[in-house]
Structures are given as structure tokens and as C-alpha cells.
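1. quick one: sequence and predicted model below, then my questions.
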Amino acid sequence: MLRASLLDTSAMTSEQEPVRDLATIVVPQVGRLIETGDPWQPHRLVDADGTTVEAVSAWFAELLAAGRSVATLRSYGMDLLRWLRFLSALGIPWYRATRSEARDFSRWLQVAGKPSRPHWRHLDKPAAPV
């Protein structure tokens, strides 16, 4: 199967790195990016337990100080949320992630299908096909 061969990481890993079948990874919908309404902290990334990811908050503060827009913070926050969810699927805390996880995340983004989910306003209706 072409998809499985694209997702197999065994040819790229060494003995110390885990071999992951990226096609079978189920990424949980944990954590979220919260819009706060606070101009000094417009977005807050929280983990699966609802705890603020302080390293991200500090980085967002740096971005604001450098003149980045709130929209940029939101965009980066959504990307980081996807990264944290991927790591959660692997059972790895963000502060323990290595280049191996970054590589697998990048490959997973490139070839994994996007799941169809109902829009949050229409949870009672079936999801639209992607």
C-alpha cells in the first residue's frame, strides 16, 4: 500500500530512535487555544489537564513585544496545539520531544489525511467530507 510505505519510518531511524507507524497514530483532541480578550495575553495554550503551557505564554509575550499581531499569535498557537496533540498521541511530554518526533510530525502532516469532524456549531449533524 502506497500510503503505508510513505508513513513507514524504519528506513530513517537508528537503533536508539523508536520506529513509528505514522499511519496508525490517532491524535486526540486534547488541549486548546483559549482567546482571553486580554490585550497583554490574547491567547493561552492549555494542555489536556487545562494547565497553561507557560513556555508558550512566555514565547507569545516575546512575539507581542516584537510587534507581532494577535492573528500571528493565534496562527502559531494553533500550530503548537497540533504539535502538542501529536506528542500526546505518542505519550511524550513536549519538553522531552526530540528531532525524531519533529521529523515524524513533519512527515505525518505531509501525508496523513485530515479527519472529518463536525463543525463545533453543528455537532449534531454528520461531518462534511474533506
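-> It's in.
2. residue 39 and residue 29, how far apart?
-> Residue 39 is 29 Å from residue 29, where distance means C-beta to C-beta, to the nearest Å. Every C-beta, even on glycine, is put in place using the N, C-alpha and C of the backbone.
3. those two: which is more packed in?
-> residue 29 (11 against 8; other C-beta atoms under 10 Å).
4. can you give me the strands in the chain?
-> 32-38, 41-46 (DSSP state E).
5. with mean neighbour count and mean pLDDT added, can I get those strands in CSV?
-> What follows is the strands of the chain, written out as CSV (neighbours: other C-beta atoms under 10 Å; pLDDT from 0 to 100):
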stretch, mean neighbour count, mean pLDDT
strand 32-38, 12, 96
strand 41-46, 19, 96
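6. got those strands as CSV, with distance to residue 96 columns?
-> Shown next, in CSV, are those (distance: least, C-beta to C-beta, whole Å):
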stretch, distance to residue 96
strand 32-38, 21
strand 41-46, 17
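7. from residue 40, how far off is the residue nearest in space to the middle of the chain?
-> Of all residues in the chain, the one closest to the mean position by C-alpha atoms, centre = their mean is residue 82, 1.4 Å from it. Residue 82 is 25 Å from residue 40, where distance means C-beta to C-beta.
8. tell me where the model's unsure across the chain.
-> 1-15, 113-120, 122-123, 125-130 (pLDDT under 70).
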